[in-house]
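Student: Coordinates for the following, if possible.
(4 chains)
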Protein chains: 2
Amino acid sequence: MLKNLALICRMEIPSKYYISDYKIPIDEYFVFGLSVDCVIFGYHEGEIKVLLVQRDAEPFKGHWALIGDLVEPNQNLRDAANNVLEKLTGLKNIYMKQFFTFGSVDRHPIGRVVTVGYFSLVNSMDYNPIASSWAKSAQWFSISDLPELAFDHHNILQKGIETLKNEVRHKPTGFELLPSKFTLLELQLLYEALLGYKFDKSNFRKKILEMKILKPLNEVKENVSHRPAKLYSFDEKSYRALEKEGFSFQL
Amino acid sequence: MLKNLALICRMEIPSKYYISDYKIPIDEYFVFGLSVDCVIFGYHEGEIKVLLVQRDAEPFKGHWALIGDLVEPNQNLRDAANNVLEKLTGLKNIYMKQFFTFGSVDRHPIGRVVTVGYFSLVNSMDYNPIASSWAKSAQWFSISDLPELAFDHHNILQKGIETLKNEVRHKPTGFELLPSKFTLLELQLLYEALLGYKFDKSNFRKKILEMKILKPLNEVKENVSHRPAKLYSFDEKSYRALEKEGFSFQL
DNA sequence: ATACTTAAAGTAAAAAATACAATAAGTATT
DNA sequence: AATACTTATTGTATTTTTTACTTTAAGTAT
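Tutor: Predicted coordinates for the structure are as follows:
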């Protein structure tokens, strides 16, 4: 039995909906597949990582790839992206952002599949691929040492990295990569990894504290063999309030 | 005769391409329509404008809308967006940027149509709707005084405006809205309109000239009833060179 | 008690941003 | 031709921010 919506359209949609003079019947425009691909960033030991899976089916069997999936006919894009992330990591409520849509005619061997790229920032402590059901095939890779990727995933990943680096300097999103309680030095090292250059410790501290977007906690870092640093958490409420007054994060 | 690619897929694509366990046959995922919608920005008399057309067909007949069109099965997204712009304005080689993809399940009454938003910056001197073949229906609107829009075009437009305002402050794209030769005051007024606040004339001039991205011309503004200002043009080569050295535009 | 490590605070110099002021170079008017 | 008028362009003093270090504090390890 035939359920293709394009055909249903041809039968049911009144001609008043034909919004232009198309060269071919309008149902023949409904031939696109739609997918989402997720660039999942993590941070570990001073390096920005990205989560990849090894494909166990053709095409590109054995190649590493971004995780992604076809979007269901009745599924919103954001839901599709969240599902993909949750299926792999079990994580919900993760920072996620659409960054670009890739639609080259020949990007997918199965047909015309347009894919929407999302990136998400995961505190790498929250997810260990070894413990996941995809264990055998999922792995964190440093973005400076990537394997060859399936499809046009190299393009997608590069665009994702570019967008992240750009966003991170103007919005306080980098925090998502850290545990909820962190020291100022940990934050500094994260930003050094993200932006690719060093900060002066004293000046970094001054600058970030002056912004008033960190909440100082009455706790210190444990299990260090030297003076423990005070822990802070990102103060989202305070940031939102400042943003309304015209403040804009800048590093 | 039936030409739907989804069906062709079902017949011809070997099972090794079935990349996951899908709940429904894979051809039933190929039911999406794809379109592009363009937010065309112009600048005139100190105001940021956007070009809208009045729909002459259902749905939303009579409503103003962004210009856009369905993407052909063998057409790349960028080409589709350029075509739409050229069909309306006759302009080629216009700055154009993809900014977001809108895919809510019920955003289009004809079926599942996902639309990719592009914005373009047009020097409004280059296009006058009166002279165009769409004359009767195309019109510039100030972004502070917009009519009600068809579909979810209000969302798309707002997201486009947000993206423009964001981009303009970190990349020298605002220049695209001016004629190729402009005075420093004209540039300042443009940025004041884009960013929503005033600059000190002397300081703005100092800052922008220090960037070394403007080429001073041996020409002055004509037809003004006071001392004419020197004309400048944006020096793209110089900007690209500086960018490689790590310079980043900031206003 | 001492050495060692990192946290946290301070400080002086340099650079950049800001707010004006002064001068220059045109056009329009008398 | 002299004068008023308008905007362009240059200059300058003050304030603020950034930068590069220095000093002191507070913990752990020996």
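
Student: Kindly confirm my reading that A:Asn203 forms part of a helix.
Tutor: Yes: checked against DSSP: H, G, I helix; E, B strand; the rest coil, A:Asn203 lies within a helix.

Student: What pLDDT is listed against it?
Tutor: In this model, A:Asn203 is scored at 97, pLDDT.

Student: all strands of the stretch 51-200 of chain A, in order?
Tutor: Ranges of strands in the stretch 51-200 of chain A, per DSSP state E, counting those that start in this stretch, are A:64-65, A:67-70, A:95-102, A:113-121, A:138-142.

Student: Compute the number of surrounding residues for A:Leu209.
Tutor: Using other CB atoms under 10 Å in any protein chain shown, A:Leu209 has 13 neighbouring residues. (C-beta placed from N, C-alpha, C; glycine too.)

Student: what's the closest non-adjacent residue to it?
Tutor: Among residues not flanking A:Leu209 along the chain, A:Leu184 sits closest, at 7.8 Å (CB to CB, 6 or more residues apart in numbering or on different chains).

Student: check contacts around the one you found.
Tutor: Shown in contact with A:Leu184 (CB atoms under 8 Å, 6 or more residues apart in numbering or on different chains): A:Phe204, A:Arg205, A:Ile208, A:Leu209, A:Ala229, A:Lys230, A:Tyr232.

Student: Excluding residues flanking it in the chain, which one is nearest the fifth one?
Tutor: This points to A:Ala229. A:Thr183 (3.9 Å).

Student: mind listing what that neighbour touches?
Tutor: By CB under 8 Å, 6+ apart, the residues touching A:Thr183 are A:Lys221, A:Ala229, A:Lys230, A:Leu231, A:Tyr232.

Student: Any figure for the gap between it and chain B?
Tutor: To chain B, A:Thr183 is 29 Å away according to CB to the nearest CB, to the nearest Å.

Student: Count the neighbours of the residue nearest to A:His108 when sequence neighbours are not counted for me.
Tutor: Of all residues not flanking A:His108 in the chain, A:Phe151 sits nearest, at 6.4 Å (CB to CB, 6+ apart). Taking other CB under 10 Å as the neighbour definition, A:Phe151 ends up with a count of 22.

Student: Tell me how far A:Phe151 lies from DNA strand C.
Tutor: 43 Å (CB to the nearest atom of the strand, to the nearest Å).

Student: from memory that residue sits against A:Ala65, does it?
Tutor: Yes: with contact defined as CB atoms under 8 Å, A:Phe151 counts as touching A:Ala65 (6.9 Å).

Student: Which of the contacts of A:Leu184 sits closest to A:Asn82?
Tutor: Nearest to A:Asn82 among the contacts of A:Leu184 is A:Tyr232, at 28.5 Å by CB to CB.

Student: Let me see the contact set for the nearest residue to that closest one once chain neighbours are set aside.
Tutor: Leaving aside its chain neighbours, A:Tyr232 sits nearest to A:Leu214 (4.4 Å; criterion: CB to CB, 6+ apart). Counting by CB under 8 Å, 6+ apart, A:Leu214 touches A:Ile208, A:Tyr232, A:Ser233, A:Phe234, A:Asp235.

Student: For those residues, work out which two are farthest apart.
Tutor: Counting by CB to CB, the most remote pair of the contacts of A:Leu214 is A:Ile208 and A:Ser233, 12.9 Å apart.

Student: Between these two, which has more neighbouring residues?
Tutor: A:Ile208 (20 against 16).

Student: would you say that one is within a strand?
Tutor: No: counting by three-state DSSP, A:Ile208 is not part of a strand but helix.

Student: pLDDT wise, what is it at?
Tutor: A:Ile208 is given a pLDDT of 97.

Student: picking up where we left off before, beta partners for the residue nearest to A:Tyr232?
Tutor: Counting by DSSP bridges, A:Leu214 is bridged to A:Phe234.

Student: how close does it get to chain B?
Tutor: The gap separating A:Leu214 from chain B is 24 Å, by CB to the nearest CB.

Student: quick one: that residue from A:Tyr191, how far?
Tutor: As judged by CB to CB, to the nearest Å, A:Leu214 and A:Tyr191 stand 13 Å apart.

Student: ditto for A:Gln250
Tutor: 12 Å.

Student: next one: A:Val31
Tutor: As for A:Val31, its distance to A:Tyr191 is 45 Å (criterion: CB to CB).

Student: now do A:Thr89
Tutor: Per CB to CB, A:Thr89 is found 24 Å from A:Tyr191.
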